[in-house]
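Enquirer: Have a look at this prediction, sequence included:
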Amino acid sequence: MTLQEKSLRTLELHKVLELLAEQTQTDLARERALSLRPETVLSRCELLQQQCADAVHLMGLFGSPSFDGVRDLSGALSRADMGGVLNMAELLAVARLLRAARTTRGYLENHREGKTSLDELFSSLSGNKYLEDKITTSIISEEEIADSASSELNDIRRQMRVASSRVRETLNRITSSPTYQKMLQDSLVTIRSGRYVVPVKAEYRSAFGGLVHDVSSSGVTLFIEPTAVVDLNNSIRVLAGKEQQEIERILAALSAEVAACAGAMQRDYETLCALDFIFARGKLAYKMKALRPRLSDSGKTVLHRARHPLLDIEKAVPIDFEIGGKCDTVIITGPNTGGKTVSIKTVGLLTVMAQCGLQIPAGEDSVVRLRTSVLADIGDEQSIEQSLSTFSSHMVNIVDILHAADSGALVLLDELGAGTDPVEGAALAMAIIEELRRRGSAVIATTHYAELKMYALETDGVENASCEFDVQTLRPTYRLVFGIPGKSNAFAIASRLGLDDAVIESANSRIGAESKRFEEVISQLEEKRQELEHRLASAERDRAKAAEAERTARERLSTLEGEREKLIMDAKLKAQEILNNARATSEYVLTEARRLRQQAEEGKDPNLAAARAAFRGQISDAERLTTLEKAKKKAIPPPRPLRAGDTVELLATKTRATVLETPAPGGNVRVQAGIMKITVRPDEIQFIEESRPKPVQAPKSTAGGRVPRPEGQGASLDLRGMTAEEAIMELGRFIDGAVRMHLPAVTIIHGKGTGVLRRAVQAELKGMPQVKSYRLGVYGEGEDGVTIATLE
């Protein structure tokens, strides 16, 4: 086993590849998964990552294509190409391969979602619908060919059915005849050696004419073919021979057609396996909640919220890690079982996973620098057969690493210098690190030696990091902290576990003053760091509370503005009603005045005084109620004809509104005030300012081809808990509002559940002219619990 292979196994890449192999459906894809190794060329790694990202995107929208039933037919295809005849099972396997090629090609054609890196693979699938149908209609199962496979086969089988029917009729007459019934063991008609026979008692052998084809195990029953059906049985045997010959001819003809396109089918098989392998990587990314990292062939590796892919997702503590650039070496210190080894394994394993084209369980802003090799000496690899101690075992690995390391290598060293005299071990560890740095390799090492902590503090390009430990609980937090060396906390742990204080004090007195001072400085730095971290966390909580308060205030303000607009519109409607009543009252008053004047002149009204009083009251009311109408006459004509987008004021309510469409000369104007749309006359409004076109920004794309979640008020609609009918009504109003707000895309939250609400939403979106396209959310957006709609 080479050093690189040994290092990959130490990092447990093989376990990740076994998880990948579980996601495959074809044998060839499984073999590729298990043999996957890191690429070192940036363009090749980028292609693998892009293919994986496109597979994840397509699966999020349309699910994964099925590769079930696709198997290697190279042997059968080669035999057919050389003129051999394939059996029915092999031909059915060919049909399954052709169907898989056809349906997989249709997967992308039916779900076109822009250009992807997989287009060429999908389009290269040829299939052969004609041959696929011919095989499936000719062959019913692995043991039976259909009558319709050929007209001759159909005719032969028809003749066989007629002959068999005649034989059975003859035998039924014999078994039901009183003459023969006493000779028969049973009235059953059966078949022996392909011929119809009846069971006859042995003592009637000579009396029952015919040919004996079999004898029961007890010898009391003979299976005899009566003489009357010998010729009919012979004809059936002849027809059976013809049937077999016709079947062989049909299989040979189908095999010849397979041979004619054997090359294309072999290429289809390899393409299907390649796609299976790519989509398996996408499925693994979903399972691990992994994301695509950015790749670089220089600079730094920067991992945010990185998790070890083999640890429980819910329990693993994510780490942040950075190496490269000005810092090419990281020394990790801290107590045993504190997470040092897991940390360096995480960095190494995520690096090789990214170079294998796999997405990694880390933040989407993570960067992985490509390495020519990742070399690891982790754990106790001593061999009893080789009689190697722990120290010797580590040294054997380190010697090999020093021979192989170059300027592009990442070297991981666990407990460097352990297993020997501490002074010599520390000196040797520093010398090894210096040699690796001289060669340009990046180094991550774990240690307990104080000398290495001091070395990191004093050396440019070398950074201290520590695994945090809670002395109160005696438990590691598994958090990795940069900039501060760690402590072993041996005295604190021993005291917590009950070791006598006198023993601890005695041990403490044996430590040199310089070492004590160094540990005190580390403790002070750690206390200061924790204090600052707590302050930062408190400030972050305060910021979050302030942001929540601001959001609540904005929501309240929005609610109040909506209520205000509603009150204004209610007042306007009431004013309009008063105005209409005033007009009607004015007309009535004028009519009544003329009538009263006429009656007064004629002197015929006995209630003239009362009528005059009522008249004066109506005149007064009319004057008061027509005040609004007088205000409208004060409107100043606009400097130019109104057009869509202009801002005007409604004179009746002193409310600003926006002109929705350019009115005809002298015609009524359609305006929107707040959430209300109304039609008014030109003399009911006052021009204020011209329209200003709003810039339209195109939606930005994100890495991995994802469409970003739209920002802005009203960009998402939560339909959870509604019936389908309620959701459809709410959805229509929401889409109309989003279009008016010029939103490029919106998010509809329907939840996962039974899928009824999701199907109702997507069916409604499909028929909306305002909706350009829609898709399910991907990981990080809500997955299939949300639908993202892009608006026209």
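Expert: Arrived safely. Values in this document were obtained by computation on a predicted structure and should not be read as measured data.

Enquirer: contacting residues for Gly461?
Expert: By CB atoms under 8 Å, 6 or more residues apart in numbering, Gly461 lies in contact with 326-329, 437. (Glycine included, C-beta is placed from N, CA and C.)

Enquirer: got any ranges where the stretch 651-792 of the chain has weak pLDDT?
Expert: The stretch 651-792 of the chain contains residues with pLDDT under 70 at 652-654, 674-676, 689-714.

Enquirer: just the helices in it please.
Expert: Remark: helices assigned in the stretch 651-792 of the chain by DSSP state H, counting those that start in this stretch are 724-740, 756-766.

Enquirer: who does the first one touch, helix- and strand-wise?
Expert: I take that to be helix 724-740. Helix 724-740 is packed against strand 716-718, strand 745-749, helix 756-766, strand 786-791, with contacts defined by 3 or more CB pairs under 8 Å, 6 or more residues apart in numbering; DSSP states H and E.

Enquirer: how about CSV for the ones you listed, with mean neighbour count added?
Expert: Below are the helices and strands packed on helix 724-740 laid out as CSV (neighbours: other CB atoms under 10 Å):
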stretch, mean neighbour count
strand 716-718, 17
strand 745-749, 21
helix 756-766, 17
strand 786-791, 22
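
Enquirer: Asp155: which of the ones you listed is closest?
Expert: For Asp155, the closest of these is helix 756-766, at 50.8 Å, according to CB to CB.

Enquirer: packing partners for that closest one?
Expert: helix 724-740, strand 771-776, strand 786-791.

Enquirer: Flag every buried residue along stretch 403-419.
Expert: Using 16 or more other CB atoms under 10 Å as the test for burial, stretch 403-419 gives 404-405, 408-418.

Enquirer: and of these, the nearest to Ser366?
Expert: In terms of CB to CB, no member of the buried residues of stretch 403-419 lies closer to Ser366 than Leu410, at 15.4 Å.

Enquirer: From Leu436, how far out is the closest one?
Expert: Distance, Leu410 to Leu436, using CB to CB, to the nearest Å: 10 Å.

Enquirer: Determine which stretch of the helices and strands packed on helix 756-766 is the most buried.
Expert: strand 786-791 (a mean of 22; mean count of other CB atoms under 10 Å).

Enquirer: Check which helices and strands that one sits against.
Expert: Counting by 3+ CB pairs under 8 Å, 6+ apart, strand 786-791 packs on helix 724-740, strand 745-749, helix 756-766, strand 771-776.

Enquirer: rewinding a little: looking at the helices and strands packed on helix 756-766, which is closest to Val399?
Expert: Closest approach to Val399 among the helices and strands packed on helix 756-766 (CB to CB): strand 771-776, 53.8 Å.

Enquirer: contact partners of that closest one?
Expert: 60-61, 113, 707, 735, 762, 765-766, 783-784, 786-792.

Enquirer: could you redo the last one with a cut-off of 7 Å?
Expert: 60-61, 735, 762, 765, 784, 787-792 (CB atoms under 7 Å, 6 or more residues apart in numbering).

Enquirer: go on, stretch 102-111?
Expert: 61-62, 65, 119, 122, 125, 127, 129, 132, 272, 275.

Enquirer: can you tell me which two in those residues are farthest apart?
Expert: Taking CB to CB, the two most distant members of those are Leu61 and Glu132; they sit 27.4 Å apart.

Enquirer: pLDDT on the helix or strand harbouring Ala544, on average?
Expert: In the assignment (DSSP states H and E), Ala544 maps to helix 513-602. Averaged across helix 513-602, pLDDT comes to 70.

Enquirer: just stretch 281-296 next, same as before
Expert: 95.

Enquirer: tell me which residues of that stretch are tucked away?
Expert: 281-286, 288, 290-293, 295.

Enquirer: What is the burial count for Gly645?
Expert: Neighbour count for Gly645, taken as other CB atoms under 10 Å: 16.

Enquirer: Need the contact partners of stretch 315-328.
Expert: Stretch 315-328 has contacts (CB under 7 Å, 6+ apart) with 299-308, 330, 343, 346-347, 369, 437, 442-444, 461, 463, 478-480.

Enquirer: Val258 is nearest to which of the helices of the stretch 651-792 of the chain?
Expert: Using CB to CB, the helices of the stretch 651-792 of the chain put helix 756-766 closest to Val258, at 41.3 Å.

Enquirer: What lies in contact with the closest one?
Expert: 719, 724, 727-728, 731, 748, 750-751, 771, 774, 787, 789.

Enquirer: how close does Glu144 sit to Arg157?
Expert: Distance from Glu144 to Arg157, by CB to CB: 11 Å.

Enquirer: One more: Pro65?
Expert: Applying CB to CB to Pro65 and Arg157 gives a distance of 39 Å.

Enquirer: again, but for Ser373
Expert: Distance from Ser373 to Arg157, by CB to CB: 68 Å.

Enquirer: So for the two, which residue has more residues nearby?
Expert: Neighbours were counted for Ser373 and for Arg157 using other CB under 10 Å; Ser373 has more, 20 against 17.

Enquirer: shouldn't that one be in contact with Gln4?
Expert: Yes. Taking contacts as CB atoms under 7 Å, Ser373 lies within contact range of Gln4: 5.5 Å.

Enquirer: sorry, back to before: which two among the buried residues of stretch 403-419 are spaced furthest apart?
Expert: Gly408 and Ala418, at 27.4 Å, using CB to CB across the buried residues of stretch 403-419.

Enquirer: Can you give me the pLDDT of Cys273?
Expert: pLDDT for Cys273: 97.

Enquirer: Give me the three-state assignment for it.
Expert: Recorded secondary structure, Cys273: helix (DSSP: H, G, I helix; E, B strand; the rest coil).

Enquirer: Near it, how many other residues are there?
Expert: 22.

Enquirer: Excluding covalently adjacent residues, which one is nearest to it?
Expert: If the residues on either side of it in the chain are set aside, Cys273 comes closest to Leu28, at 3.9 Å by CB to CB, 6 or more residues apart in numbering.
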